[in-house]
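Student: Fold the following.
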Amino acid sequence: MTADSHNYILGYLLSVTLTLLAPVFLLVHEVTGHSLFAHTTLRVAFLALALVQLVVQLVFFLHIRGEKRPRWRFMTLVSTVLIVVIVVGGSLWIMENLDARMGSMSPDAMDAYMLDQE
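Tutor: This next block holds a predicted model:
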């Protein structure tokens with residue numbers, strides 16, 4: 001086996017482990033009746049797992065490392081991340097706004113509003 005294949009195997013094992021940790025944390029949280037992890041701690045853990053997963057993917061599979069060559073892949077990655085941040089951030093902003101405007105209504109008031117709009 002070459003060094004590259006060892007890197008791919010290590011990257012794969014790290015990716016699978018990080019992917020499986022999130023449902024395990026959630027399962028432990030549910031089984032313990034929400035007492036082992038606070039909801040905020042769980043959110044931070046999910047975010048940390050996602051960020052570590054991103055770094056693993058970048059290093060082991062996309063080969064984004066410290067190199068002297070032109071940074072075309074890196075610049076493509078930066079623009080892609082910017083687009084994703086805009087799309088996800090905009091979506092979350094819209095959903096939060098809708099929840100703030102419509103979430104305070106009772107289900108009956110929501111149905112009446114929707115029927116009135118038709």
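Student: gap between the spatially most central residue of the chain and Thr19?
Tutor: Taking Cα atoms, centre = their mean, the centroid of the chain lies closest to Ala50, which sits 5.3 Å from it. Computed as Cβ to Cβ, to the nearest Å, the Ala50 to Thr19 distance reads 10 Å. For the C-beta atoms, the positions are set from N, CA and C on the backbone; glycine is no exception.
Student: which intervals of this protein have sub-threshold pLDDT?
Tutor: Low-confidence segments of the chain (pLDDT under 70): 66-70, 104-105.
Student: Can you list the residue ranges for helices in it?
Tutor: Per DSSP state H, the chain carries helices over the ranges 3-31, 39-56, 72-102, 107-117.
Student: buried sites along the first one?
Tutor: When you say that, I think you mean helix 3-31. Gly11, Leu14, Ser15, Leu18, Leu21, Phe25, His29 (16 or more other Cβ atoms under 10 Å).
Student: could the helices of the chain go into TSV alongside distance to His63?
Tutor: Listed next are the helices of the chain as TSV, based on distance: least, Cβ to Cβ, whole Å:
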stretch	distance to His63
helix 3-31	9
helix 39-56	12
helix 72-102	8
helix 107-117	50
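Student: between those, which gets nearest to Ile64?
Tutor: Of all the helices of the chain, it is helix 72-102 that lies closest to Ile64, at 6.1 Å by Cβ to Cβ.
Student: report the angle between the axes of that closest one and helix 39-56?
Tutor: 160 degrees (axes from the mean of the first three to the mean of the last three Cα atoms, to 10 degrees).
Student: Could you check how far helix 72-102 is from the centre of its chain?
Tutor: 12 Å (Cα atoms, centre = their mean, to the nearest Å).
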